[in-house]
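>>> Have a look; sequence and predicted model below, questions after that.
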Amino acid sequence: MRTDEAAKQLRRQGGRTTPQRRALVELLAGADRPPTAPELHTRLVQQFPDMAQDASISERIGDKE
């Protein structure tokens, strides 16, 4: 899925397209394997140093694995 397609789907579901979410989709789209939540956070915090790691996000991701 391309970044713009993911953004459209997110908006259809009532979500907002933030720079952080766009960066996340780009990381996922470019990954050669499914990254872990800590791997994603490590990469994203390089672009967005003020971004916190929310434990509930890791828990929600873990529920889908």
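Here it is on my side, so go on.
>>> So the residue lying farthest from the centre of the chain versus His41, what's the distance?
Distance from the centre of the chain peaks at Arg12, with 17.1 Å (Cα atoms, centre = their mean). To His41, Arg12 is 26 Å away according to Cβ to Cβ, to the nearest Å. (Glycine included, C-beta is placed from N, CA and C.)
>>> With Ala29 instead?
From Ala29 across to His41, the span is 17 Å (Cβ to Cβ).
>>> which of those two has more neighbours?
Just comparing Ala29 and His41: by other Cβ atoms under 10 Å the higher neighbour count belongs to His41, 18 against 12.
>>> Low-confidence bits of this structure, can you list those?
Within the chain, the segments meeting pLDDT under 70 span 1, 53-65.
>>> Grab the most central residue of it for me.
Geometric middle of the chain (Cα atoms, centre = their mean) lands on Leu24, at 3.2 Å.
>>> and that residue, what element?
helix 19-30 (DSSP states H and E).
>>> Mind listing what's buried along that helix?
For helix 19-30, the neighbour count (16 or more other Cβ atoms under 10 Å) marks 23-25 as buried.
>>> and if you look at stretch 30-41?
Buried residues in stretch 30-41, defined by neighbour count with 16+ other Cβ under 10 Å: 35, 37, 40-41.
>>> Which of those residues lies at the shortest distance from Lys8?
Leu40 (21.6 Å; Cβ to Cβ).
>>> Now that closest one: phi and psi?
Backbone torsions of Leu40, given as degrees, to the nearest 10, read phi -60, psi -40.
>>> ranges for the strands of the chain?
Per DSSP state E, the chain carries no strands over any range.
>>> who touches the nearest residue to Val45 once chain neighbours are set aside in this structure?
Using Cβ to Cβ, 6 or more residues apart in numbering and skipping the chain neighbours, the partner closest in space to Val45 is Met51 (5.4 Å). Taking Cβ atoms under 8 Å, 6 or more residues apart in numbering, we find Met51 in contact with 20, 41, 44-45.
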